[in-house]
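1. fold the following.
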Amino acid sequence: MLTSGAVLALAILVGLNAYAQSPPAPATPAPADAPETSNAPAAAPGKPAPPAKKKYDPRDLCITPDDAASELLNKRRQIGGRIIMDTFLLPTGGNVDVGLDEPFSDSEYYFGALDIGTPTPVIMDRPDVKARQAADTDPIIKKALMKKDRTIVNLRFPDVLAAPWGQAQLYVFTCQGGSPFKVSETTVRVSPSLYSSALAWLIVFLGYLVAAFAFRSKRPPHLLAYLDPIAMSAGADGKASLGKLQILMFSLIVFGLITYFMLRTGMLTDISSTVLLLLGIAGIGSTVAKGADNSRTTITPENKAWLLRKQWLPSTLNPNDIDAHWRDLFTTDGEFDVYRYQSFIFSVVVGGALIIGGVTQLSSFEIPQTLLGILGLSQVVYIGGKLVTPTSMADLNKSIDDLRQAEKKFRAAAITANGGVLPVSLAAAVVPASQAAYDDYMSLATDVATLFTVQTGIGVEPAKLQPSL
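-> Predicted coordinates:
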């Protein structure tokens, strides 16, 4: 009896030990690191458990291009504040401020979308959309288009090339619970940056061509000579003028930037005070320098009329040939002028900075006062050098008077030698009886032409030295 009880007890112990070492049942509890409220289905045998659902963050984009049509275009969402723009065109390829006619809240996160008619709208992520409260310096507030306590949304658009200057729908929306909550929309006309810049460069080039062809009195030897800016900046003496070249360069740059902004926004942009001052320095410098040249080359009306008839001085009917070179920009009276060179290199630097910095905002572009001071000082020194340069215009006028009298004496001698009749040609007028008067005139004409060239910088061709009948 005792033996059979011991056998039964031993069998129960062996069974319990086998049960403890058997594999666990298929239904197991969730891992310790899983969320307690997770509703994810249990993983199949041999497969890892699915990840827990990510908690919603209001800063996350709550719309994708796949569901943009159903979320934005079906008008199911609450209408947000009115979108206000201070431009006629929506410039893409950069940042643009738009007003949202609703009170600013720093707890709201805004997102943007642009429907240009393509199958997939352009969706702007959170870093591309930034909101802030409107300030007095905002153009929308300055133009009284919106109240100061409203919202300004800065949108960074990619350069949309599919619909240049075509209509599109702009959406600004907020999210709530992972879905769009309020949606604001307006119809805009898109202006791509690439096309605007290309068209602006083309317009500037056409404007340059108009000036290049308009000032010519005769056709140059080759076509590329039309595009020579040195020839375009030549003065009355046919030499290159630094002041005129500066005005030409700055005028084309500012014209190109204004054209670019007009193509981008559909409106004319303002110009900063320093840009106006820059144009004024170049313009005033060129004008005063021209006045200084005129004061140095003042010729009496009688002598000027005689010089025009002799074609020693250029006129609208008989202009001198343009003989402008780059060296004319850096020389004065044949010598290297360091102040003109200084003015030139700083003008190039300022022009480059104006192109690079003025593209973003021409109305707020600032030129350092020191650079403007250097340009102004160079102009003052250059003009002052012209004014203090010694001249002998009184001697030149007296010499021209003597030459005119010598021409009259030769004409009278020629008439006397021809029986009281004016000869029909110069060859017929130079006879032994008038040879002495002719030689006196030619000797004096050579000296006067040399003095005239030194004082005015205008050369006189040998054929123009001959007396006129």
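
2. quick one: Met124 and Asn154 touch, right?
-> No - if you go by Cβ atoms under 8 Å, Met124 and Asn154 don't touch, sitting 10.6 Å apart. In short, each C-beta sits where N, CA and C put it, glycine included.

3. higher neighbour count, the two?
-> Neighbours were counted for Met124 and for Asn154 using other Cβ atoms under 10 Å; Met124 has more, 20 against 15.

4. which residue is the nearest non-sequential neighbour of that one?
-> Gly112 (3.9 Å; Cβ to Cβ, 6 or more residues apart in numbering).

5. give the bridge partners for that neighbour, please.
-> Beta-bridge pairing for Gly112 (DSSP bridges): Met124, Val172.

6. from here on, call the first residue 8.
-> Sure, I'll start numbering at 8, so the last one becomes Gly119.

7. outline the domain layout of the chain.
-> Using automatic domain parsing, the domain ranges for the chain come out as 75-197, 202-395, 400-472.

8. now mean pLDDT too, for those domains, in CSV please.
-> Converted to CSV, the domains of the chain look like this (pLDDT from 0 to 100):
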stretch, mean pLDDT
domain 75-197, 84
domain 202-395, 79
domain 400-472, 85
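
9. burial count for the residue nearest to Met131?
-> 22.

10. so it is in contact with Pro187, correct?
-> No - counting by Cβ under 8 Å, Gly119 stays clear of Pro187, with 11.6 Å between them.

11. quick check: neighbours shared by the two?
-> Common neighbours of Gly119 and Pro187, counting by Cβ atoms under 8 Å, 6 or more residues apart in numbering, are Phe180.

12. touching, Pro110 and Asp156? I think so.
-> Yes - the pair Pro110 / Asp156 is scored as a contact, 5.8 Å apart, by Cβ under 8 Å.

13. distance of the residue nearest to Met131 relative to Val357?
-> Gly119 sits 37 Å away from Val357, going by Cβ to Cβ, to the nearest Å.

14. now the strands for the stretch 258-407 of the chain?
-> Assigned by DSSP state E, counting those that start in this stretch, the strands in the stretch 258-407 of the chain fall at 338-339, 342-343.

15. nearest to Gly250, of those strands?
-> Gly250 lies closest to strand 338-339 among the strands of the stretch 258-407 of the chain, at 12.8 Å (Cβ to Cβ).

16. quick one: strands adjacent to the closest one?
-> By DSSP bridges, strand 338-339 pairs with strand 342-343 (antiparallel).

17. next helix or strand past the longest strand anywhere in the chain?
-> Longest strand in the chain, counting residues (DSSP state E): strand 186-198. Downstream of strand 186-198, the first helix or strand assigned by DSSP states H and E is helix 200-221.

18. other SSEs contacting that next one?
-> helix 249-272 (3 or more Cβ pairs under 8 Å, 6 or more residues apart in numbering; DSSP states H and E).

19. got the angle for the helix it packs on vs strand 186-198?
-> Here helix 249-272 runs at an angle of 140 degrees relative to strand 186-198 (axes from the mean of the first three to the mean of the last three Cα atoms, to 10 degrees).

20. list the buried residues for helix 249-272?
-> 249-257, 259-261, 263-272 (16 or more other Cβ atoms under 10 Å).

21. same question for stretch 157-173.
-> Neighbour counts over stretch 157-173 (16+ other Cβ under 10 Å) mark 157-160, 162-164, 167, 170-171 as buried.

22. ends of that stretch, what's the gap?
-> Start-to-end span of stretch 157-173 (Cα to Cα, to the nearest Å) is 29 Å.

23. from the chain's centre, how far out does it sit?
-> Mean-position distance between stretch 157-173 and its chain equals 21 Å (Cα atoms, centre = their mean, to the nearest Å).

24. any chance you could map the helices in the stretch 258-407 of the chain?
-> Listed in chain order, the helices of the stretch 258-407 of the chain (DSSP state H, counting those that start in this stretch) span 280-303, 308-316, 334-337, 345-365, 376-395, 400-424.

25. roughly how far is the shortest one from the heart of the chain?
-> For helix 334-337, the gap between its own C-alpha mean and the chain's C-alpha mean amounts to 26 Å (Cα atoms, centre = their mean).

26. packing partners of that helix?
-> Helix 334-337 is packed against helix 345-365, with contacts defined by 3+ Cβ pairs under 8 Å, 6+ apart.

27. for the helix it packs on, packing partners?
-> By 3+ Cβ pairs under 8 Å, 6+ apart, helix 345-365 packs against helix 249-272, helix 280-303, helix 334-337, helix 376-395.

28. would you mark the buried spots in it?
-> Using 16+ other Cβ under 10 Å as the test for burial, helix 345-365 gives 346-347, 349-351, 354, 357-358, 361, 365.

29. returning to that earlier point: would a markdown table of the helices of the stretch 258-407 of the chain with distance to Ala138 be doable?
-> Formatted as a markdown table, the helices of the stretch 258-407 of the chain follow (distance: least, Cβ to Cβ, whole Å):
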| stretch | distance to Ala138 |
| --- | --- |
| helix 280-303 | 31 |
| helix 308-316 | 70 |
| helix 334-337 | 52 |
| helix 345-365 | 27 |
| helix 376-395 | 36 |
| helix 400-424 | 70 |
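
30. wait, which of the ones you listed is closest to Lys225?
-> Here helix 308-316 is closest among the helices of the stretch 258-407 of the chain (Cβ to Cβ), at 19.1 Å.

31. would you mark the buried spots in that closest one?
-> For helix 308-316, the neighbour count (16+ other Cβ under 10 Å) marks 310-311, 313-314 as buried.

32. report the two of those residues separated the most.
-> So, the buried residues of helix 308-316 by Cβ to Cβ: farthest apart are Lys311 and Trp313, at 7.3 Å.

33. quick check: Val438 touching Ala421?
-> Yes - if you go by Cβ under 8 Å, Val438 and Ala421 touch, sitting 7.4 Å apart.

34. compare those two (neighbour count), which wins?
-> Legend: neighbour count by other Cβ under 10 Å for Val438 and Ala421, higher for Ala421 (23 against 14).

35. so that one touches Ala443, yeah?
-> No - in this structure, Ala421 is not within contact of Ala443 by Cβ under 8 Å, at 11.6 Å.

36. secondary structure and distance to Val105 for the buried residues of stretch 157-173 - can I get that in CSV?
-> Converted to CSV, the buried residues of stretch 157-173 look like this (DSSP: H, G, I helix; E, B strand; the rest coil; distance: Cβ to Cβ, whole Å):
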residue, secondary structure, distance to Val105
Arg157, strand, 11
Thr158, strand, 9
Ile159, strand, 8
Val160, strand, 5
Leu162, strand, 6
Arg163, strand, 12
Phe164, coil, 11
Val167, coil, 16
Ala170, coil, 19
Pro171, coil, 20
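
37. closest to Ala142 out of those?
-> Nearest to Ala142, judged by Cβ to Cβ, of the buried residues of stretch 157-173 is Ile159 at 7.7 Å.

38. may I see the buried residues of stretch 210-220?
-> 210-211, 215, 219.

39. swap in stretch 456-463?
-> Applying 16+ other Cβ under 10 Å to stretch 456-463 flags 456, 459, 462-463 as buried.

40. and if you look at stretch 188-203?
-> For stretch 188-203, using 16+ other Cβ under 10 Å, the buried residues are 188-192, 195, 197-200, 202-203.

41. take these and write them to JSON lines, including distance to Thr125.
-> As requested, the buried residues of stretch 188-203 are exported to JSON lines (distance: Cβ to Cβ, whole Å):
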{"residue": "Phe188", "distance to Thr125": "26"}
{"residue": "Lys189", "distance to Thr125": "25"}
{"residue": "Val190", "distance to Thr125": "19"}
{"residue": "Ser191", "distance to Thr125": "21"}
{"residue": "Glu192", "distance to Thr125": "17"}
{"residue": "Val195", "distance to Thr125": "15"}
{"residue": "Val197", "distance to Thr125": "12"}
{"residue": "Ser198", "distance to Thr125": "17"}
{"residue": "Pro199", "distance to Thr125": "14"}
{"residue": "Ser200", "distance to Thr125": "18"}
{"residue": "Tyr202", "distance to Thr125": "17"}
{"residue": "Ser203", "distance to Thr125": "20"}
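
42. thanks a lot, see you next time.
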